[in-house]
Structures are given as structure tokens and as C-alpha cells.
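[1] Here is my input, please return the structure:
(one chain, ligands or ions: 2)
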Amino acid sequence: MAVVLITGGAGFIGSALTLRWAREHPSDRVVVLDALTYAGNRISLSSLPEGERFRMVEADIRDEKAVEAVWVDEKPTLVLHLAAESHVDRSILGPMAFTDTNVRGTHVLLEAARRHKTPRFVHISTDEVYGPTPEPGRFDEEAPFRPSSPYAASKAAADLLAQSYVKTYGMDLVITRASNNYGPRQTPEKLIPLMITRARADEQLPVYGDGQHKRDWIYVEDHARGIEAAALKGKAGRAYNLGAGEERTNITIVKTILGHMGKPDTLIRYVTDRPAHDRRYALEVSRARDELGFRAETSLEAGLRDTVKWYVDNGAWVEHVKARQGEFGSSWYADRLKGASTQEKPVTLAGH
Ligand code: NAD
Ligand code: TYD
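    Ligands and ions are numbered 1, 2, ... in the order given. Here you go, the predicted model:
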């Protein structure tokens with residue numbers, strides 16, 4: 001029986017992947033290792049009963065003893081490492097937590113996998129390691145790392161550490177670098193769920209800078225399938241970009257959400273730009289297509305409509321998660337909304 005250890009399995013992408021793996025691989029044992037920070041929620045996995053096929057371990061990836069105990073107890077044959085501090089805005093306000101979890105936590109896991117000769121390790125990285133993508137063009141996996149935020153830099157450091165374990169110790173390790181994810185169970189601090197939950201409450205929608213920044217959106221269920229393909233078919237030592245080619249400006253996303261919800265554009269407020277705000281991300285995904293047979297299937301139109309519906313239908317999940325988010329949302333967005341404008345022009349556009 002394969003034992004699949006999913007770190008960060010109670011988070012947004014981790015829960016989609018955990019539910020998928022349990023569904024698609026019924027003979028595997030799935031073990032989630034998650035510290036249940038503000039971003040991790042047991043209720044996202046409430047449909048999985050604990051037992052022979054599933055176990056939830058509440059522990060911190062920085063805790064070497066706890067991590068060792070998981071390896072001794074469970075002897076994982078495959079690690080899918082997603083646990084991370086994941087929000088760029090939080091990394092601007094409190095960067096040290098990002099180095100601690102994303103760099104040191106990743107290193108603790110790599111060491112456990114090395115000691116125990118774990119057969120396969122998949123490290124979940126991000127397109128943000130490449131930094132902003134100039135127009136036109138897309139970054140492939142050989143593009144240099146030019147991270148802008150403390151979040152992106154910590155992920156770049158973790159990605160490089162993972163690569164070093166392939167080169168130095170011959171570890172069987174695959175890296176995935178996905179573009180921006182959206183879909184059910186994402187903490188409402190990231191663009192799409194924030195705008196949906198605020199619009200539902202008729203609250204102002206803070207759009208950073210001129211709203212013309214572009215992201216390449218992938219539906220979370222597609223991303224989970226891409227990670228699965230990388231785990232099962234990826235070549236050891238390879239990195240794979242996972243994207244859907246659904247590039248949109250932020251303002252287009254926000255207006256589409258408002259359209260689906262029947263809410264007015266007057267809720268939009270242009271606010272002070274995020275420092276070091278990457279103008280564009282766009283991924284070249286032919287390697288994943290050719291080597292993994294992976295192609296994203298969900299169009300942004302269909303995925304966004306389903307996502308809006310999910311948040312509207314799952315008010316109890318939203319309230320539970322917002323209560324755990326702490327003060328971050330209210331203070332950060334309230335500050336940004338001070339002096340905000342409804343005009344389609346930037347309040348500040350540092351660096352662009
Ligand atoms: P998330 O913030 O929703 O979830 C992170 C999970 O990690 C949570 O369950 C949290 O409790 C857990 N965690 C945090 N610190 C921990 C620690 N010290 N020990 C154990 N568990 C800890 O994040 P997400 O959006 O699901 O992202 C998952 C992974 O995918 C991250 O590695 C992220 O960098 C990467 N990624 C995310 C995106 C995106 O758009 N969300 C895109 C590309 C890559
Ligand atoms: P986000 O969801 O935080 O993801 P990332 O920074 O990892 O790309 O932000 C997506 C885009 O939306 C990014 O360009 C910043 C912008 N944004 C806003 O304009 N307003 C907001 O309130 C948030 C959270 C993000």
C-alpha cells in the first residue's frame with residue numbers, strides 16, 4: 001500500500017489534492033501533516049473519516065521531532081509538500097514567518113526524506129519564483145529566478161534547496177511551479193475569494209494600483225490533477241510549470257465576479273499599490289503537456305462562475321474561516337481603502 005504524506009493538506013490547494021487523492025487512489029493511505037494555521041481548516045477535509053485510509057496529523061513542519069515521528073510511524077512512500085505561508089501581502093507585513101516555514105520547514109522535510117530514503121518527493125513551488133514576465137512571452141522552467149516579494153523569495157530558496165537534494169544526494173524529487181489558483185476553499189484574503197465575500201456583503205473592493213496587473217489563472221482541481229501527474233509521471237530532478245493560459249487583468253476578474261453576483265462596479269476602489277507588485281505572470285506549459293500529458297480543462301469563465309456559486313452556497317465555511325483569519329483582513333484592507341478612489345487611474349504606481 002502506498003502511503004502518501006501531504007503537507008499543508010488542510011489548506012486551499014492541499015485539501016483539493018487530498019480529497020482528489022483519496023477519491024482516485026482508494027488503496028493508498030493518505031496522511032495529512034498540517035499545523036492548522038489560520039489558513040488550514042479541518043472542516044475542509046470533514047468528508048474524510050479518520051482510519052485505515054486517512055489520518056490527520058496536526059504538527060509543524062519546522063518541528064524536527066514531530067516530523068521524524070511521522071516518518072517513523074507512517075513510512076511515507078510519496079511526499080507531496082504544499083505546507084507554506086502563502087500570502088504575498090502577509091509576507092510584506094511579517095516576512096520572517098515565511099523564511100521559517102517555507103525555507104526551514106521545507107529543509108526539515110527534505111532531511112527526513114533523505115534520512116529515510118523516501119522513494120519520491122514532490123515539492124510544490126510557484127511561478128512567482130521567476131518574478132514578473134515581460135510582455136510578450138512566457139517563462140519556461142529554465143528561466144532565471146528573480147523573486148520580488150519575501151513570499152516569492154522564500155519559495156525560490158525552498159525550490160533551490162529541493163534542487164540541491166537532487167544534485168547532492170540523488171533524491172528522487174520533482175518540482176511543480178503553478179500559476180495563480182482559484183476555486184473552492186481558498187481563504188478569503190486572496191484576490192478572488194476576497195472580492196466574492198466582500199461583494200456579497202456590499203463592502204468596497206480594494207484593487208491595487210491601476211488594476212492592470214495580469215495573472216495566469218488555473219482552477220484548483222486542474223492544479224491538483226497536475227500535481228498528481230507530476231507525482232506519478234514526472235522525471236526525477238525535473239521542474240514542471242502548471243498553468244492554464246487563462247491570462248486576465250485583475251480588474252477584468254473583479255468586474256466578472258461583480259457581473260456574476262449582480263453587484264455594481266461602484267463597489268470597486270482603486271487603492272495604493274502593493275510594494276514590489278509583479279506586473280504579469282505567464283507560464284510556458286509545454287513540458288507538462290509533453291511529459292506528463294497534463295492539460296488544464298476548466299475555462300476561467302466556467303471555473304469563476306462555479307467558484308462564485310461555491311462561496312455563496314458555503315456561507316458557514318466562509319464564516320468559520322474568516323473568524324480564524326484574525327485581524328489581518330480588517331486592518332490591512334481598511335488601511336488600503338483610506339483615501340481610495342473609484343476612478344480608473346492609479347493612486348500610486350511605484351516602479352511601473
Ligand atoms: P494555503 O495558505 O491555503 O495553505 C497552506 C497550508 O499549510 C495550511 O493548511 C496551513 O495550515 C499549512 N501550514 C502553514 N505553515 C505550516 C507549518 N509551519 N507547518 C505545517 N503546516 C503549515 O496555501 P495554498 O494556496 O493552498 O498553497 C499551497 C502550496 O501551493 C504552497 O506551497 C504555495 O506556495 C503553493 N502555490 C500556491 C499557489 C496559489 O495560487 N495559491 C500557486 C502556486 C503555488
Ligand atoms: P493574490 O490573490 O494575493 O495572489 P498573488 O499576489 O500571489 O498573485 O493577488 C492576485 C492579484 O490581485 C495581484 O496582482 C494582487 C491583486 N490584488 C488586489 O488588487 N487587491 C487585493 O485585495 C488583493 C488581495 C490582491
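[2] CA atoms for contacts and neighbours, from now on please.
    Will do.
[3] first to last residue in stretch 231-240, what's the distance?
    End-to-end span of stretch 231-240 (Cα to Cα, to the nearest Å): 11 Å.
[4] Please list the residues of the stretch 151-300 of the chain that sit near ligand 2.
    When proximity is defined by Cα under 6 Å from any ligand atom, the stretch 151-300 of the chain lies next to ligand 2 at Asn180, Glu189, Lys190, Leu191, Pro206, Val207, Tyr208, His213, Asn250.
[5] Go through those residues and flag which are in strands.
    Pro206, Val207, Tyr208 (DSSP state E).
[6] Need these in a markdown table (columns: pLDDT).
    Converted to a markdown table, these look like this (pLDDT from 0 to 100):
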| residue | pLDDT |
| --- | --- |
| Pro206 | 96 |
| Val207 | 97 |
| Tyr208 | 97 |
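[7] Show the buried residues in those.
    Neighbour-count burial (16 or more other Cα atoms under 10 Å) applied to these gives Pro206, Val207, Tyr208.
[8] dump the residue contacts of the second one.
    For Val207, the contacting residues are Asn250, Ile251, Ile268, Arg269, Tyr270, Val271, taking Cα atoms under 8 Å, 6 or more residues apart in numbering as the criterion.
[9] and what of Gly137?
    Ala282.
[10] And for Pro134, nearest residue in space, chain neighbours not counted?
    Spatial nearest neighbour of Pro134, chain neighbours left out: Arg280 (7.1 Å); criterion: Cα to Cα, 6 or more residues apart in numbering.
[11] is it true that that neighbour touches Lys214?
    Yes: taking Cα atoms under 8 Å as the definition, Arg280 is a contact partner of Lys214 at 4.6 Å.
[12] can you put the ones in strands among the residues of the stretch 151-300 of the chain next to ligand 2 in CSV and add distance to Ala112?
    CSV is the format used below for these (distance: Cα to Cα, whole Å):
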residue, distance to Ala112
Pro206, 42
Val207, 42
Tyr208, 41
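[13] closest to Asn41 among these?
    Of all those, Asn41 sits closest to Pro206, with 25.7 Å by Cα to Cα.
[14] what is that closest one paired to in the beta sheet?
    Counting by DSSP bridges, Pro206 forms beta bridges with Arg269.
[15] now do the one 10 residues further on
    On DSSP bridges, the residues paired with Asp216 through beta bridges are Glu247.
[16] Around it, how many other residues sit close by?
    The tally of other residues near Asp216 (other Cα atoms under 10 Å) stands at 21.
[17] does it really touch Ala244, like I thought?
    Yes: the pair Asp216 / Ala244 is scored as a contact, 6.9 Å apart, by Cα under 8 Å.
[18] top helix in the chain by residue count?
    helix 150-169 (DSSP state H).
[19] from the contacts of Val207, which is closest to ligand 1?
    The nearest member of the contacts of Val207 to ligand 1, counting by Cα to the nearest ligand atom, is Asn250 at 13.9 Å.
[20] If you count contacts, what does the helix or strand bottoming out on mean pLDDT in the chain end up packed against?
    When the helices and strands of the chain are scored by mean pLDDT, DSSP states H and E, helix 328-337 comes last with a mean of 76. Applying 3 or more Cα pairs under 8 Å, 6 or more residues apart in numbering; DSSP states H and E, one finds that helix 328-337 contacts strand 205-208, strand 268-271.
[21] Name the surrounding residues that touch the very next helix or strand once past the last one.
    Heading C-terminal from strand 268-271, the first helix or strand you meet, by DSSP states H and E, is helix 286-287. When contacts are defined by Cα under 8 Å, 6+ apart, helix 286-287 is touched by residues Tyr240, Asn241.
[22] and what of stretch 306-317?
    43, 182-185, 193, 196-197, 200, 257, 260-261, 318.
[23] Repeat the analysis, applying 7 Å as the threshold.
    For stretch 306-317, the surrounding residues in contact (Cα atoms under 7 Å, 6 or more residues apart in numbering) are Gly183, Pro184, Ile196.
[24] Now do it, average pLDDT.
    Averaged over stretch 306-317, pLDDT sits at 97.
[25] ok so, going back, closest to ligand 1 out of the contacts of stretch 306-317?
    When these are compared against ligand 1 (criterion: Cα to the nearest ligand atom), the nearest one is Gly183, at 9.7 Å.
[26] wait, that closest one sits on Val220?
    Yes: here Gly183 reaches Val220: they are 5.5 Å apart, a contact under Cα atoms under 7 Å.
[27] Looking at these two, which one has more neighbours?
    Val220 (25 against 22).
[28] Am I right that the more buried one is in contact with Gly11?
    No: Val220 is beyond contact range of Gly11, at 11.6 Å (criterion: Cα under 7 Å).
[29] And the helices in the stretch 1-150 of the chain?
    12-24, 64-74, 88-93, 96-98, 106-115, 150-169 (DSSP state H, counting those that start in this stretch).
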